[in-house]
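In: Please work out how this folds:
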Amino acid sequence: MKFNNNFLIFVFCLCGIVVLFFINPDTMITESNSNGGSVGGGVWVHSNEMNTINLDSVHKQNITNIYLHSNVLNKYSDEQLQKFIKECHERSIKVHLWVTVFRYDNKFHLPDQEVIKARLDLVQECANVPNIDGINLDYMRYDGKNPELADETVITDFVKKASEITKDKSLELSVCLMPEKDEAIRLYGQNANELSKYVDVLVPMIYKGNYNKDTNWIRETTKYYVSISDCKVAPAILTYHSDDNTAKLPIAELKKDIKAVYEGGADGCSLFKYNHIQGGLIL
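Out: Numbers count the residues shown, from 1 in each chain. Reported below is the predicted structural model:
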């Protein structure tokens with residue numbers, strides 16, 4: 001029996017009965033991408049959006065992870081945050097607190113001992129929040145403007161210590177990465193392979209518009225991080241053209257970018273950011 005190459009065939013034997021499932025890969029990606037990965041879809045949400053986000057809409061788009069900025073700890077009461085987490089969980093959406101590690105107060109901070117201690121204390125504070133599902137480390141790096149200062153051992157050691165905190169609380173740990181592959185070690189102190197030993201998910205930020213790249217670059221960059229990683233990989237892509245042009249990407253183009261992530265072998269795909277999500281898009 002011959003089958004078209006455009007289809008994947010899954011065979012299950014149940015009580016002597018062979019059941020064949022025919023799945024079109026294009027349908028998996030443009031209509032229900034979460035079936036193609038074990039991490040699922042995600043989106044970043046700023047703290048001032050917590051009370052305005054439409055969770056029903058997010059749920060319908062198969063977004064299963066919300067990365068909520070840790071400033072919510074200062075903006076809302078414990079009761080308000082727990083109410084939000086409960087409403088997410090009712091829709092099978094996980095809540096991760098999003099920590100911008102070495103960039104805060106609108107600037108980068110060199111990771112000296114004082115800064116490291118303060119930011120690890122923040123990770124611990126986030127981990128102590130009841131009912132959260134994970135911690136997402138963003139700006140877990142040097143600024144890239146002074147490569148001579150970048151020390152990968154400092155970055156890796158911070159992540160290792162953060163992982164000890166999250167493991168103690170049975171929380172998922174993810175870390176955002178710049179997409180320069182091996183060059184990220186020199187520029188930012190981010191050694192993706194080493195970091196993957198201490199986290200559950202690597203999140204390379206494959207923002208094609210910021211690098212004047214195309215959809216093929218998303219696919220190939222995803223393949224690279226999958227190939228060198230000891231953990232799951234769930235890249236992030238932009239829902240707008242670039243930081244210099246924040247107009248929303250046409251939905252057809254965004255679907256192609258999502259498809260490229262999964263073709264690269266990713267376990268999930270996340271969108272930056274919530275206020276640019278368009279109706280009709282399903283991860």
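In: Strands of the stretch 101-250 of the chain, start to end?
Out: 103-104, 107-108, 134-138, 172-177, 201-204, 232-233, 236-238, 240-242, 245-248 (DSSP state E, counting those that start in this stretch).
In: Using CSV, lay out the ones you listed together with distance to residue 57 and mean neighbour count.
Out: C-beta coordinates here come from the backbone N, C-alpha and C atoms, glycine included. CSV is the format used below for the strands of the stretch 101-250 of the chain (distance: least, Cβ to Cβ, whole Å; neighbours: other Cβ atoms under 10 Å):
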stretch, distance to residue 57, mean neighbour count
strand 103-104, 29, 16
strand 107-108, 34, 12
strand 134-138, 21, 26
strand 172-177, 23, 25
strand 201-204, 23, 27
strand 232-233, 26, 24
strand 236-238, 19, 23
strand 240-242, 18, 16
strand 245-248, 15, 12
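In: any idea which helix or strand comes after the strand or helix carrying residue 254?
Out: Assigned by DSSP states H and E, residue 254 falls within helix 251-263. Next along the chain after helix 251-263, taking DSSP H and E as the criterion, comes strand 268-272.
In: Just the angle for that following strand relative to strand 134-138, thanks.
Out: 60 degrees (axes from the mean of the first three to the mean of the last three Cα atoms, to 10 degrees).
In: Partner strands of strand 268-272 and their direction?
Out: Strand 268-272 has the following strand partners under DSSP bridges: strand 40-45 (parallel), strand 236-238 (parallel).
In: export those to JSON lines and tack on mean pLDDT?
Out: Below are the strands paired with strand 268-272 laid out as JSON lines (pLDDT from 0 to 100):
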{"stretch": "strand 40-45", "mean pLDDT": "92"}
{"stretch": "strand 236-238", "mean pLDDT": "96"}
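In: Quick one: closest of the ones you listed to residue 174.
Out: In terms of Cβ to Cβ, the element of the strands paired with strand 268-272 nearest to residue 174 is strand 40-45, at 8.8 Å.
In: Output the strands paired with strand 268-272 as TSV; include the columns distance to residue 81.
Out: Listed next are the strands paired with strand 268-272 as TSV, based on distance: least, Cβ to Cβ, whole Å:
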stretch	distance to residue 81
strand 40-45	12
strand 236-238	24
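In: To residue 202, which of those lies closest?
Out: Closest among the strands paired with strand 268-272, using Cβ to Cβ: strand 236-238, at 10.5 Å.
In: Figure out which of the strands of the stretch 101-250 of the chain is closest to residue 72.
Out: Nearest of the strands of the stretch 101-250 of the chain (Cβ to Cβ): strand 134-138, 13.0 Å.
In: can you give me the angle the closest one makes with strand 172-177?
Out: Using the same axes, to 10 degrees, strand 134-138 lies at 10 degrees relative to strand 172-177.
In: List the contacts of strand 134-138.
Out: Here strand 134-138 makes contact (Cβ atoms under 8 Å, 6 or more residues apart in numbering) with 65, 67, 94-101, 103, 123, 126-127, 159, 162, 165-166, 171-176, 199-200, 203.
In: quick one on the thing from earlier: so which of the strands paired with strand 268-272 comes closest to residue 274?
Out: Smallest distance to residue 274 across the strands paired with strand 268-272 (Cβ to Cβ): 4.7 Å, for strand 40-45.
In: Return that closest one as PDB; C-alpha atoms alone will do.
Out: Output of strand 40-45 as PDB, limited to C-alpha atoms (Å, rounded to 0.1, in the frame of the first residue of the first chain):
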ATOM      1  CA  GLY A  40       3.100  23.900  23.500                       C
ATOM      2  CA  GLY A  41       2.400  27.600  22.700                       C
ATOM      3  CA  GLY A  42       3.300  30.500  24.900                       C
ATOM      4  CA  VAL A  43       3.000  34.300  25.100                       C
ATOM      5  CA  TRP A  44       4.700  37.000  27.200                       C
ATOM      6  CA  VAL A  45       2.400  39.300  29.100                       C
END
